[in-house]
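Engineer: Quick one, what's the 3D model for this:
(one chain, ligands or ions: 1)
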Amino acid sequence: MTGKRILLIIGGGIAAYKACELIRLLRKRGHTVRCVLTAGGAHFVTPMTLAALSEQPVHTSLWELKDEIEMGHIELSRQADLVVVCPATADLLAKMAAGIADDLATTLLLATDKPVLAVPAMNVRMWLHATTRRNVETLRGDGVTVMAPDEGAMACGEFGPGRLPEPEAIVGAIETALTPSPFVLSDIEGRAANAAPATGTSTSLSANGGLIGKHVLVTAGPTHEPIDPVRYIANRSSGKQGFAIAAALAVRGARVTLVAGPVALATPPGVDRVDVETAREMAAAVDAALPADAAVLVAAVADWHVEAAGLKIKKAGAPPALALVENPDILATLSHSPRRPRLVVGFAAETNDVVAHAQAKLARKGCDWIVANDVSGARGQSVMGGADNAIHLVTADGVETWPTLPKIEVAERLADRIADALTEPA
Ligand code: CTP
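Structural biologist: Coordinates of the predicted model:
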């Protein structure tokens, strides 16, 4: 991991001197460190030391007119990838837990929208005090990562938990905090669209940088084709497979644009999502997202739309005849476009002769791969809406049949294959 921006808030404790070593280690690992020194911290280390080590301006006051004109304190709190409070004194933790903002450091902590890691260091009695225990619990409940302090002899002569962890351990905690949160399929299931992603503990996606610098376009979910202002034609696609693929591509470092039909799934971390309703909107969103290095079109796009009535169709006399009009074929259009991504992957949902239909589809659509799956089966046991997927990867080179796998693992395998394909010489 390199090149992250860390805002380091240095509290007033003897352990502040270790912040100097922390800055050195972080910079050695390619990160940029910008320091905010509290009034208490300034009794232990000087702005000059921090500026020299970080090679960045050091901020000490909320009322520094020059700083405020150049970069307001709100901006300072949001420019970083991670805010680290080290050492986090009992006083700083208490202010953070209470939402007090009476100096630059605490104001930044209240104003930030970035993850916060607090590294406590204090006297053992202060650490074990019921108030500090309560404050730490509150902060953890609010989503702040609070490291456990080390145990041992303290500068004040006492012994116990309260020592600042070693700088190497703090670097480890910082890099963990900067790693995209592990993503599990359950995170996106049943949650409102655009809800903040949660971290999970079951099967999570493994991060690697195989797709750094690549833009990958993914479509997912069904489309809804209106019949009149209150009715529409839909299909049973849940969007889970497409969302899992978008997530797997993002943790490999790709910039991912996810064009999503109407689904009740949360956006995977780090994915740019464009919500659409109809096939024609999806086609326009795909076009607008180009250029891309690869496209994975997982959406179950409706083949037809209805010449929709402007007013609700009333139940009067004979049932109405719906005039169906063919929708644009997004996959075929993209595959034959002058702006065609290097790799175009289609999906095929089939109920019979899965491989034969997929091979015909590969030729007809002009894409590079077809991921074919059997969607026969009763509702509940079917791939559509279910957690597992049994697929055949159909390419010009042949057919690979994968075992039945959770959709998240299908996503992982496919993302790895895409990374391999994009790193092969063109
Ligand atoms: N697809 C698309 N635009 C459409 C229809 C399908 O981009 N209007 C894409 C799907 O996202 C999928 C692939 O084409 O990647 C195959 O979808 P499928 O519905 O199986 O294919 P159809 O062309 O609709 O063929 P058929 O329904 O006859 O099997």
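
Engineer: Val276 contacts Thr223, doesn't it?
Structural biologist: Yes. The criterion here is Cβ atoms under 8 Å, and Val276 meets it with Thr223 at 7.4 Å. In this view, the C-beta of every residue, glycine as well, is placed from N, C-alpha and C.

Engineer: what's the overlap in contacts for these two?
Structural biologist: When contacts are counted by Cβ atoms under 8 Å, 6 or more residues apart in numbering, the set common to Val276 and Thr223 consists of 261, 282.

Engineer: Which residues are in contact with the one residue in the stretch 101-250 of the chain that gets nearest to the ligand?
Structural biologist: Using Cβ to the nearest ligand atom, the closest approach of the stretch 101-250 of the chain to the ligand is made by Thr219 at 5.8 Å. Thr219 makes contact with 242, 258-261, 282, 286, 295-299, 301, 330, according to Cβ under 8 Å, 6+ apart.

Engineer: Can you tell me the SS state at it?
Structural biologist: The local conformation at Thr219, judged by DSSP: H, G, I helix; E, B strand; the rest coil, is strand.

Engineer: Bridged to it, which residues?
Structural biologist: Under DSSP bridges, the beta-bridge partners of Thr219 are Val259, Leu297.

Engineer: still on that earlier bit, which of Val276 and Thr223 has more residues huddled nearby?
Structural biologist: Under the criterion of other Cβ atoms under 10 Å, the comparison of Val276 against Thr223 puts Thr223 first, with 28 against 21.

Engineer: Who are the contact partners of that one?
Structural biologist: When contacts are counted by Cβ under 8 Å, 6+ apart, Thr223 touches 234-235, 261-262, 276-279, 281-282, 299-302, 327.

Engineer: For Glu307, see how far away it is.
Structural biologist: Separation of Thr223 from Glu307 (Cβ to Cβ, to the nearest Å) stands at 16 Å.

Engineer: In ChimeraX, select just the buried ones from the contacts of Thr223.
Structural biologist: To isolate the buried members of the contacts of Thr223 in ChimeraX, using 16 or more other Cβ atoms under 10 Å:
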select :235,261,262,276,278,279,281,282,299,300,301,302,327
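
Engineer: so which of the contacts of Thr223 are also by the ligand?
Structural biologist: Among these, proximity to the ligand is found for 279, 299, 301, 327 (Cβ under 6 Å from any ligand atom).

Engineer: between the contacts of Thr219, which is nearest Ala155?
Structural biologist: Proximity of these to Ala155, judged by Cβ to Cβ, is greatest for Leu258, which lies at 51.2 Å.

Engineer: And the closest one, what's its pLDDT?
Structural biologist: Each residue has a pLDDT score; the one for Leu258 is 97.

Engineer: Please name the nearest non-neighbouring residue to it.
Structural biologist: Distances taken as Cβ to Cβ, 6 or more residues apart in numbering place Ala246 nearest to Leu258, at 4.3 Å, with adjacent residues excluded.

Engineer: My read is that the one you found contacts Pro269, right?
Structural biologist: No. Counting by Cβ under 8 Å, Ala246 does not reach Pro269; the two are 10.2 Å apart.

Engineer: which ones are touching the spatially closest residue to Pro222 that is not a sequence neighbour?
Structural biologist: The shortest distance from Pro222 to any residue other than its chain neighbours is 4.1 Å, reached at Ser237 (Cβ to Cβ, 6+ apart). Counting by Cβ under 8 Å, 6+ apart, Ser237 makes contact with 220-222, 261, 263, 299-300, 349, 384-385.

Engineer: In three-state terms, label Ser237 for me.
Structural biologist: For Ser237, the secondary-structure state derived from three-state DSSP is coil.

Engineer: Residues of the stretch 301-426 of the chain that sit close to the ligand?
Structural biologist: By the rule Cβ under 6 Å from any ligand atom, the part of the stretch 301-426 of the chain lying against the ligand is 301, 303, 327, 329-331, 346-349, 361.

Engineer: Which of those residues sits closest to Pro87?
Structural biologist: Among those, Phe347 lies closest to Pro87 (Cβ to Cβ), at 52.1 Å.

Engineer: Give the rounded mean pLDDT of the strand or helix carrying that closest one.
Structural biologist: Applying DSSP states H and E as the criterion places Phe347 in strand 343-350. Averaged across strand 343-350, pLDDT comes to 94.

Engineer: Identify the residues contacting stretch 312-332?
Structural biologist: The set of residues that contact stretch 312-332 without belonging to it, under Cβ under 8 Å, 6+ apart, is 219, 223, 225, 227-231, 278-280, 282-283, 286, 297, 299, 301-307, 344, 346, 364-367.

Engineer: Do I have it right that His224 meets Ala234?
Structural biologist: Yes. Taking contacts as Cβ under 8 Å, His224 lies within contact range of Ala234: 5.2 Å.
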